[in-house]
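*Asks:* Structure of the sequence below:
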Amino acid sequence: SLKRASQNLPAQYKARTIPSRSLSRTERGTLTHRYYLMIGAFSKRENAERQAARAEKAGYPATLINFQSGMTAVGVSPTDDLNVAWATLDRLRHESFCPQDAWILNNE
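*Replies:* Numbering: from 1, shown residues only. Below you'll find the model as predicted:
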């Protein structure tokens, strides 16, 4: 599991994970990958779109993801491989547009 896998990682790899049950009902089942690196959640969709554009300009494929709370989040670098997600998160945190509290969405 994601929690068990993260327990053996060095501190710099630690990240919050959010389960897919937090997604809006219409969003559940539409995401095509297991893991997304979340680089922000915004109350205004326009802000999420700007963040997604910054990520894509830097070479990270971005997806806008709607949560039950009404927030629109930006997920990048979708993957089905947890090891790839952790490695990409470490690299992503060095990008100027990425907040240090980036997290992984576990789309189970």
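*Asks:* Quick check: closest non-adjacent residue to residue 31.
*Replies:* In space, residue 31 comes closest to residue 107 once its chain neighbours are excluded; the distance is 4.9 Å by CB to CB, 6 or more residues apart in numbering. Where you see a C-beta, it was placed from the backbone N, CA and C, and this is true even at glycine.
*Asks:* residue ranges with poor pLDDT in the chain?
*Replies:* Judged by pLDDT under 70, the chain has its weakly predicted residues at 1-29.
*Asks:* if we go to 90?
*Replies:* By pLDDT under 90, the weakly predicted segments of the chain are 1-32, 34, 61, 65-71, 100-101, 103, 105-108.
*Asks:* picking up where we left off before, residues near the residue nearest to residue 31, how many?
*Replies:* A count of nearby residues for residue 107, using other CB atoms under 10 Å, gives 22.
*Asks:* Hmm, residue 75 is touching residue 36, no?
*Replies:* Yes: assessed by CB atoms under 8 Å, residue 75 is found in contact with residue 36 at 3.2 Å.
*Asks:* hey, what's in contact with both of these two?
*Replies:* Contact criterion CB atoms under 8 Å, 6 or more residues apart in numbering; residues bridging residue 75 and residue 36 by contacting each: 63, 65, 105.
*Asks:* Tell me the first helix or strand C-terminal of the longest helix anywhere in the chain.
*Replies:* Under DSSP state H, the helix in the chain containing the largest number of residues is helix 45-57. Following the chain from helix 45-57 toward its C-terminal end, the next helix or strand by DSSP states H and E is strand 62-66.
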